[in-house]
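*Asks:* everything below, folded, please.
(one chain, ligands or ions: 1)
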Amino acid sequence: MTVIGIVGLPGSGKSEAANVAADMGVPVVTMGDVIREECRDRGLDPATHHGDVATALREENGPGAIAERSLPVIERERTDGDTVLVDGIRSDVEVEAFRDAFGGDFLLVKVDAPFELRAERLDLRGRDAGREDGGESLEDRDERELGFGMGEAMEMADLELDNTESLAAFQRKVRTLLREGPEAIQS
Ligand SMILES: Nc1ncnc2c1ncn2[C@@H]1O[C@H](COP(=O)(O)OP(=O)(O)OP(=O)(O)O)[C@@H](O)[C@H]1O
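*Replies:* Sure thing, here's the model as predicted:
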């Protein structure tokens, strides 16, 4: 069994990687869903309290809290000992939590695309990038994510998936990783 964690800056292609996994029947655990579940356990509406509950979880149980909460969900999904993909890792502390839990069965994959390409793609997606209406710019989002420890998390990656070609090429690369393992990938 392999637990594959995905890291990368906003717009790099993490969700697309998760979509490929889901299409292949590989379970995807989204750490945001874990927070939403915690909201419901606390009787709070995830639509309005997502950020508060994420902050509260970290304050109450330390910076690795959300990763820790994801562990039983991952265990639940690894029924046949198959691969599970985890999306939503934000920091080195969370990477450490997964490494402690899964040891050599944990593979950290960094999805990489340069700023301009991410900005362009997010523009096409119709949210996030270069907003002039008071929304957060991609620079600010990058800054915020790096502030959580995303830079350190990315530096810990076991494997880098370049996403500078077409979407189809990226999807092929992710499928190869999930089917054949990291040895089959040449950056
Ligand atoms: N190789 C590619 N070619 C064209 N478009 C792409 C490519 N990879 C991703 N995209 C598109 O770029 C946008 C951002 O990708 P995606 O949502 O997967 O990024 P993300 O890392 O999950 O971002 P966020 O952190 O904002 O959730 C999406 O609209 C996606 O379809």
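*Asks:* now for the helix ranked longest in the chain, which elements pack on it?
*Replies:* The helix that spans the most residues within the chain, counting by DSSP state H, is helix 46-61. Identification of packing neighbours for helix 46-61 by 3 or more C-beta pairs under 8 Å, 6 or more residues apart in numbering; DSSP states H and E yields helix 31-41, helix 65-77. For every residue, glycine as well, the C-beta is placed using N, CA and C.
*Asks:* quick check: which of the ones you listed is nearest to the ligand?
*Replies:* helix 31-41 (9.6 Å; C-beta to the nearest ligand atom).
*Asks:* contacts for the closest one?
*Replies:* Applying C-beta atoms under 8 Å, 6 or more residues apart in numbering, the contact partners of helix 31-41 are 45-46, 49-50, 53-54, 57, 66-67, 69-70, 73, 86-90, 94.
*Asks:* would you mind listing the buried residues in it?
*Replies:* For helix 31-41, a neighbour-count test (16 or more other C-beta atoms under 10 Å) marks 31, 34, 35, 36, 38, 39 as buried.
*Asks:* could you do stretch 49-67 as well?
*Replies:* So, applying 16+ other C-beta under 10 Å, buried residues of stretch 49-67: 49, 50, 53, 54, 56, 57, 58, 63, 64, 65, 66, 67.
*Asks:* and the protein, which residues reach the ligand?
*Replies:* 8, 10-16, 121-122, 125, 128, 163, 166-167, 170 (C-beta under 6 Å from any ligand atom).
*Asks:* show me what the longest strand along the chain is packed against.
*Replies:* Assignment by DSSP state E gives strand 106-112 as the longest strand of the chain. The contact analysis (3+ C-beta pairs under 8 Å, 6+ apart) places strand 106-112 against strand 3-7, helix 14-23, helix 92-102, strand 159-162.
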